[in-house]
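Trainee: Next one to model:
(chains A and B)
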There are 2 protein chains.
Amino acid sequence: MNFNPLSTVHIQDLKAMVAADRFSTGASVLKLHAKDQSHHRGCLPEAVIWPTDRLEVVEILKYANDNRLPVVGWGSGSSLEGNPIPVKNGLVLDFSQMNCILDVREEDFQVDVQPGVIYQDLNEHLKYTGLFFPPDPGARATVGGMIANNASGTRTVYYGSTKDYVLKLTVVLASGEVLEMGRRVSKTSSGYDLPHLFVGSEGTLGVVVEATLRLVGLPEEFSAAVVTFPSVEAAGKAVSAIVRYGLNPAALELLDSACIELFNREKALGLDLSPTLFLEFHGPSIAYLSEIMGMAEEICRENGSLAFSPGLGRDERNRLFEARHELGEMVVRAHTDCRIQVLDVAVPITAYPDIISMARQEADAAGIQGYAFSHAGDGNLHLCLAGRKDETGDWERIDRISQRMVSKAISLGGTATGEHGVGIGKRKYMLAEHGSSLEWMQRIKSLFDPNGILNPGKIFP
Amino acid sequence: MNFNPLSTVHIQDLKAMVAADRFSTGASVLKLHAKDQSHHRGCLPEAVIWPTDRLEVVEILKYANDNRLPVVGWGSGSSLEGNPIPVKNGLVLDFSQMNCILDVREEDFQVDVQPGVIYQDLNEHLKYTGLFFPPDPGARATVGGMIANNASGTRTVYYGSTKDYVLKLTVVLASGEVLEMGRRVSKTSSGYDLPHLFVGSEGTLGVVVEATLRLVGLPEEFSAAVVTFPSVEAAGKAVSAIVRYGLNPAALELLDSACIELFNREKALGLDLSPTLFLEFHGPSIAYLSEIMGMAEEICRENGSLAFSPGLGRDERNRLFEARHELGEMVVRAHTDCRIQVLDVAVPITAYPDIISMARQEADAAGIQGYAFSHAGDGNLHLCLAGRKDETGDWERIDRISQRMVSKAISLGGTATGEHGVGIGKRKYMLAEHGSSLEWMQRIKSLFDPNGILNPGKIFP
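Mentor: Down below sits the predicted model:
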């Protein structure tokens, strides 16, 4: 695809489409939209626009399409695979001012939102209804970004991913056409499931301007535990067994000793320096949760657990999950001379002990500082690898680890990305993972965005 | 689209592709594949083929595509909207001999199946693993048909629809190309979600030859109740309240007095002749279920219930659900001089009392015998309408009722079909429901099946 650079005429035209303070070509603004939280190198866009309604989005996209200007949607820039980096420069559409909660239909368990709403703000707003939107990627992600990426997180093992909560989408296509897809019902068999084609398409098919989300009731009771193991392999086996016995944990997070050391250093959590499971259950009563927790303890013991500490209070539990959510930043702070690559793969649950064991071995063998942590209950592994910024040797080794891990995951029937998306970093694995269905994805892309202006350089190799 | 009728050369060529006993142009065979269980008039296909492996499917479809022969996939013919009726004649691909359970990966909660497997047989096979495949349309449906239709049923309010259980599909396209889509993992953010484009596409985009399905653990305990109400409106309000209070029923079925009368007549169930809720909960312990059932009883009482009978034993509960699943056939038997139209709409749960009340009023006002029953917890209403076969006046009135009900459902934010699919009968509502996204569905259809040979005359107006 050939794109045009923004000319002074383009800039004048685009500027006229929004209020003066919602268009910028200022250096600091461009820099703030040059990269996400990943290790991928940034690229400067040529301009940033903050639309406030869908009509502006329509006008901007129509213009960009007619003039072959690349356009990237921007949520909060919290993604981890370079997903919104404007690699072809062009325009960034920043949705932070399109962040209204439009309608809460409490009795239908539904909410309509604009894409720029931060999911934690949505849940804060919903607090008094007794309902919530479960997917929780951790960072202050926008709903639009979560939809683009099919985001998930610590609660996904029980509650599912973003895709499981999208009922209806309003999307603006590259041509400026507004497309409403899906219905505000809990079930339908009416025609093709277009909304789920857009969920996880990373802004390459269209730009979400409104979404109807399904909500669920806040859990009555919760119970959390911390369990330590002599090795990640033993912990991995316990994870596999907990899932197999159908205990339905609401979180099942595995962290290696390197992560625990960071937690203790930054948060003074005083945890034992061993591979550790964070375990949480949601349920209707304390009695039920005690029963389930007893079964979990037995399974952990059979898999060689060192210590099982149940009965965490709400504060203690929240401190642990806050630390878990901040882990990426802690790794960055611990290695100020490094860039950090966060690997993200998922495998069938029986292959989980293999993949986590491989992660530790690969990092150790390469002499690269690695932090393995994971949404273990989903078979979803992350490995943070710290490479010194200017040491190409570090980055060659990190790339080799990454390639071997992803290839292994795919050979086990798994996926190159459990939740971070393809972005820039996983494009090279798409053919191995999807075979000829990748060509069909490309054809669908060409159907919806024939000029390829939407988030070019992503997903496809 | 212009199709060719089957010539003697076509017949010879197709015959040579399979064993002699797996191709037929016999009158009785054609008649058995002329219609499903709906009220729609049948159409004879020109030939029926029973493939036994995907390579045969590839060869047949390639030939049909090159020769512009219409092809319709056939499961068990249990659909209710004319979905597999070969309205353009041509070939029927009957999958009843491609019905192997290929691999049960118990510890990964996964199974690989061929499309002709009947879901009850699958669950029988899985019984000793403690796992099951939850969607339950009732009739002896095949997994392939369930995927084509995104089937659901009495358990969907708790367990979800077929779409929620499809991880990976192998599909043969019209061209004969074999497409593998999706991965054997519980989560992924890798590229476009192609499997879910095919789920619910009613065989218009491709033909499923293998599926990897997610399984879940059988519930530890269950508890069921029968509740009667003075009116469907009161029962509808109780349904809405039970959902709103987050009691998470595993089944929440509403039947009007006309249905109950049939049950008593055919099954001697001795139920009170009032609008009735079947209520079921699944959970980890009896104590938990008693607590939940107590709350359900209170909600029903507040909504004017006449009698609440909890504590149904397994046999009694099974008898009720068998009767519920046989309801369609009971209506047919009760009206031997009639054809029966089964209406299927779904609405947001708060609109459910309105729609069920309208259903009863419409049938009564038109003087048509109607049976209202529903997967009420999903806002999914069915209305069986009995029209005398040769009385065009009956059928004009039934069509008017149907049109008003569907239009009302759509105007309430609902859908023309909760679970029966579009087939023939709901095509005329697609534009009202989907607006311009219908054109995009059509474009996707043209992309995957440019000659339109796959199940022509369905979904699109």
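
Trainee: Which of the three states applies to the closest residue to residue A:194 other than its chain neighbours?
Mentor: Among residues not flanking residue A:194 along the chain, residue A:181 sits closest, at 4.0 Å (C-beta to C-beta, 6 or more residues apart in numbering or on different chains). Where C-beta positions appear, they are placed from N, C-alpha and C, glycine not excepted. The three-state label given to residue A:181 by DSSP: H, G, I helix; E, B strand; the rest coil is strand.

Trainee: Contact partners for residue A:181?
Mentor: A:168-171, A:194-195, A:198, B:434, B:437 (C-beta atoms under 8 Å, 6 or more residues apart in numbering or on different chains).

Trainee: out of the residues you listed, who's nearest residue A:420?
Mentor: residue A:198 (18.1 Å; C-beta to C-beta).

Trainee: Just confirm the closest one contacts residue A:147, I think it does.
Mentor: Yes. At 7.3 Å, residue A:198 counts as touching residue A:147 under the criterion of C-beta atoms under 8 Å.

Trainee: and for the two, which residues touch both?
Mentor: The contact sets of residue A:198 and residue A:147 overlap at A:169, A:208 (C-beta under 8 Å, 6+ apart).

Trainee: who has more neighbours, those two?
Mentor: Ranked by neighbour count (other C-beta atoms under 10 Å in any protein chain shown), residue A:198 and residue A:147 place residue A:147 first, with 29 against 26.

Trainee: Residue A:178: neighbour count?
Mentor: Residue A:178 is surrounded by 19 other residues when neighbours are defined as other C-beta under 10 Å.

Trainee: Also residue A:286?
Mentor: Count around residue A:286 with other C-beta under 10 Å applied: 12.

Trainee: Same check on residue A:103?
Mentor: Using other C-beta under 10 Å, residue A:103 has 11 neighbouring residues.

Trainee: Name the nearest residue to it, sequence neighbours excluded.
Mentor: Using C-beta to C-beta, 6+ apart and skipping the chain neighbours, the partner closest in space to residue A:103 is residue A:112 (4.4 Å).

Trainee: For stretch A:108-115, which residues meet the burial criterion?
Mentor: For stretch A:108-115, burial by neighbour count (16 or more other C-beta atoms under 10 Å in any protein chain shown) applies to A:108-115.

Trainee: Now do it: distance to the chain's middle.
Mentor: Between the centre of stretch A:108-115 and the centre of its host chain there is 20 Å, according to C-alpha atoms, centre = their mean, to the nearest Å.

Trainee: now do stretch A:340-356
Mentor: Here stretch A:340-356 is found 15 Å from its chain centre; the criterion is C-alpha atoms, centre = their mean.

Trainee: next one: stretch A:316-328
Mentor: How far stretch A:316-328 lies from its chain's middle: 17 Å, per C-alpha atoms, centre = their mean.

Trainee: try stretch A:365-385
Mentor: 16 Å.

Trainee: So is it next to chain B?
Mentor: Yes. Stretch A:365-385 lies within reach of chain B by C-beta under 8 Å from any C-beta of the partner chain, at A:375, A:378-380.

Trainee: and the two most separated of the residues you listed?
Mentor: A:375 and A:379, at 8.3 Å, using C-beta to C-beta across the residues of stretch A:365-385 next to chain B.

Trainee: Mind listing the shared neighbours of those two?
Mentor: By C-beta under 8 Å, 6+ apart, residue A:375 and residue A:379 have these common neighbours: A:418, B:187.

Trainee: So for these two, which residue has more residues nearby?
Mentor: Just comparing residue A:375 and residue A:379: by other C-beta under 10 Å the higher neighbour count belongs to residue A:379, 33 against 25.

Trainee: Return the backbone torsion pair for that one.
Mentor: With angles defined as degrees, to the nearest 10, residue A:379 sits at phi 70, psi 30.

Trainee: For residue A:340, give its distance to residue A:87.
Mentor: Distance, residue A:340 to residue A:87, using C-beta to C-beta, to the nearest Å: 20 Å.

Trainee: Quick check: beta-bridge partners of the residue nearest to residue A:194?
Mentor: Following DSSP bridges, residue A:181 is listed with bridge partners residue A:169.

Trainee: Which pLDDT does the model give it?
Mentor: pLDDT recorded at residue A:181 is 97.

Trainee: How about residue A:150?
Mentor: 97.

Trainee: same thing with residue A:265?
Mentor: The pLDDT attached to residue A:265 in the predicted structure is 93.

Trainee: what sits against it?
Mentor: residue A:334.

Trainee: for the closest residue to residue A:343 other than its chain neighbours, helix, strand, or coil?
Mentor: Leaving out its chain neighbours, the residue that sits closest to residue A:343 by C-beta to C-beta, 6+ apart is residue A:383, at 4.2 Å. Secondary structure state of residue A:383, per three-state DSSP, is strand.
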